[in-house]
Structure formats: structure tokens, C-alpha cells
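Engineer: Return a 3D structure for these sequence lines:
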Amino acid sequence: GWKTKLALAKSSKGFLDFLAYIILLALFTVVALRSHPGQDLLLHNTALRNAVSDQEIFFGKSQVKKVYSDIDSVDEFWDWLSGPFVGTVLAEDFPNRPGFFYPYFRILGLIRLRQLRVGRDTCFIPVELASSISSCFAPYSKESEETEPFGPTSPETGRPIWQWYSAEELNE
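Structural biologist: Residues are numbered from 1 along each chain as shown. Take a look at the predicted model:
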């Protein structure tokens, strides 16, 4: 009778709710996966790295083209920073998408540069060369990393203006 019809209606309502949930879950999954660049992300990161660090430019008065890994002075670093770096990050290739560089990269907030330095005299100087070489710098490693403050002294604090912070401290 009517009790059987009511039980059937309740069970079919539960089935319809379950079916609607499965359809919603499937649509959400499709939209989420299609809006992410997925495997292309690695290619975009590589392209960005190549555009920023492998782009050849003339540094200062040099007649030889150099790339980022050839930088050997502060002036050349600023030439690179104001040239290939800014040219890539602030490129006008995407005028309809302000705040983006390359299709999937969006600049959120300010761009922050971080420097990892190697301490002075972190490598061995042979006795035969000690009179010619006053100091040397080992390749970067955690053991040779310099963490002491450096740079000009601040008139307010009397300490060097650049302080070392761990990655964890910067992300707090």
C-alpha cells in the first residue's frame, strides 16, 4: 500500500541524491584538471629559467656577450637584473593579462631576491700559491655557506644592513 510507495520514494530520493553527487564530483574533477597546466608546468619553468638566465647580453662596456652564470661583478649583476630579468618578468607579450608573464605565471605581490653566499677562505690554497692568492671561495655547499651580516653599516643600528635569514624564517 501507501507505506510501500513511501519507502520506494524515499529510496529513489536517496539514489537520485547519490547520482547528483557523483555527477557534481565528476564535473568538479574535470574543471579542476583542465584549468591546471599539468605536465606543461615543467616546460614553462624551464622556458622561464632559460629566458632569464641563459639570455645573452652585453654587460656594461664589454664587447663579449655573457649569460647570468658569467656575471663577475656587482655592476654586471645590475645590468642583468635591469635587462633580461626585468624584460622577462615585465614583458608586454600578454597585454590583455596584466600581472602575468608567460601564460601561466602570475606575479603575486613583490618580487624578492635572495642571495646565498660562500664564506671567504672556505677552500684550500696550496703553499706554493699562498703569496699570490689572498683568499678563495669554495663552490656553494651548506658547509661553506656564509651567514654573517654584510654590507654597509646602518647609521641607525650600527650593524651591516644585510642580514642572513633561513628559508624558514623568511616564510613565517
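Engineer: tell me the pLDDT at the residue lying closest to residue 77 once chain neighbours are set aside?
Structural biologist: Nearest residue to residue 77, sequence neighbours excluded (Cβ to Cβ, 6 or more residues apart in numbering): residue 71, at 5.3 Å. Every residue, glycine included, has its C-beta placed from N, CA and C. The confidence metric pLDDT takes the value 82 at residue 71.
Engineer: Please look at residue 71 and residue 78 and confirm they touch.
Structural biologist: No - contact criterion Cβ atoms under 8 Å: residue 71 and residue 78 do not qualify, at 9.7 Å.
Engineer: so what's residue 55 up against?
Structural biologist: Residue 55 is in contact with 67, 83-84, 88, counting by Cβ atoms under 8 Å, 6 or more residues apart in numbering.
Engineer: no wait, residue 150
Structural biologist: Counting by Cβ under 8 Å, 6+ apart, residue 150 has contacts 117, 160, 162.
Engineer: rerun at 7 Å
Structural biologist: Residues near residue 150 by Cβ atoms under 7 Å, 6 or more residues apart in numbering: 160, 162.
Engineer: Give me the pLDDT for residue 63.
Structural biologist: pLDDT, the model's per-residue confidence, is 73 for residue 63.
Engineer: still on that earlier bit, for residue 121, see how far away the residue nearest to residue 77 is.
Structural biologist: Using Cβ to Cβ, to the nearest Å, residue 71 is found at 22 Å from residue 121.
Engineer: of these two, who's got more company?
Structural biologist: Set residue 71 next to residue 121 and count neighbours by other Cβ atoms under 10 Å: residue 71 wins out with 17 against 12.
Engineer: Tell me the backbone dihedrals of the more buried one, please.
Structural biologist: In terms of degrees, to the nearest 10, the main-chain angles of residue 71 are phi -60, psi 130.
Engineer: can I assume it is in contact with residue 81?
Structural biologist: No - contact between residue 71 and residue 81 fails when scored by Cβ atoms under 7 Å: they sit 9.7 Å apart.
Engineer: Pull out the buried residues from the contacts of residue 55.
Structural biologist: 84, 88 (16 or more other Cβ atoms under 10 Å).
Engineer: Select from the contacts of residue 55 every entry located in strands.
Structural biologist: Within the contacts of residue 55, no residue falls in strands by DSSP state E.
Engineer: Can you tell me which of the contacts of residue 55 end up in helices?
Structural biologist: residue 88 (DSSP state H).
Engineer: Can you tell me which of the contacts of residue 55 is closest to residue 153?
Structural biologist: Using Cβ to Cβ, residue 83 is the member of the contacts of residue 55 that lies nearest residue 153, at 30.5 Å.
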